[in-house]
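# sequence and predicted structure, then a few things I'm wondering about:
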Amino acid sequence: MNSIGENIVARKRNEQRKCQVCSCTETTPCNPPCAWSDIDAGLCTTCEEAANAVAIWIAESHQPDTAALLKQARVILLDAALAEALKAYGAGGGQ
């Protein structure tokens with residue numbers, strides 16, 4: 001093997017495994033912590049579960065619109081963050 005190939009192999013050995021979807025690693029996992037997928041070596045279990053849910057949605061929905069789905073997911077996350085902030089504001093007296 002040439003020195004370039006040897007350097008690539010050495011670098012790969014020292015690199016952490018990283019999910020190809022969310023980029024989590026063993027030292028920076030998802031929340032709650034994930035594991036590595038048994039089905040796809042490039043996925044964590046959180047992203048594997050999400051991909052499975054999206055695949056079912058695509059197969060079963062009338063006219064799947066991925067952009068609309070992601071927009072709705074953002075709305076849900078923002079609503080949850082707003083609710084949490086309001087709860088913290090109310091618990092702290094916030095006046």
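Here it is on my side, so go on. As the structure is a prediction and not an experimental result, all values here were calculated from the model.
# ok, residue 34 - contacts?
19, 24, 44-47 (Cβ atoms under 8 Å, 6 or more residues apart in numbering). Bear in mind the C-beta positions are built from the backbone N, C-alpha and C, glycine included.
# rerun that using 6 Å as the cut-off
44-46 (Cβ atoms under 6 Å, 6 or more residues apart in numbering).
# also residue 32?
Here residue 32 is in contact with no residue (Cβ under 6 Å, 6+ apart).
# can you tell me the element it falls in?
Assigned by DSSP states H and E, residue 32 belongs to no helix or strand.
# which residues does the residue nearest the centre of the chain contact?
Nearest residue to the geometric centre of the chain (Cα atoms, centre = their mean): residue 22, 4.0 Å. Applying Cβ under 6 Å, 6+ apart, we find residue 22 in contact with residue 47.
# and the pLDDT at it?
Residue 22 carries a pLDDT value of 96.
# quick one: it is in a helix?
No. Using DSSP: H, G, I helix; E, B strand; the rest coil, the assignment for residue 22 is coil, not a helix.
# what is the mean pLDDT for the helix ranked longest in the chain?
As assigned by DSSP state H, the longest helix anywhere in the chain is helix 66-91. The pLDDT scores in helix 66-91 average 91.
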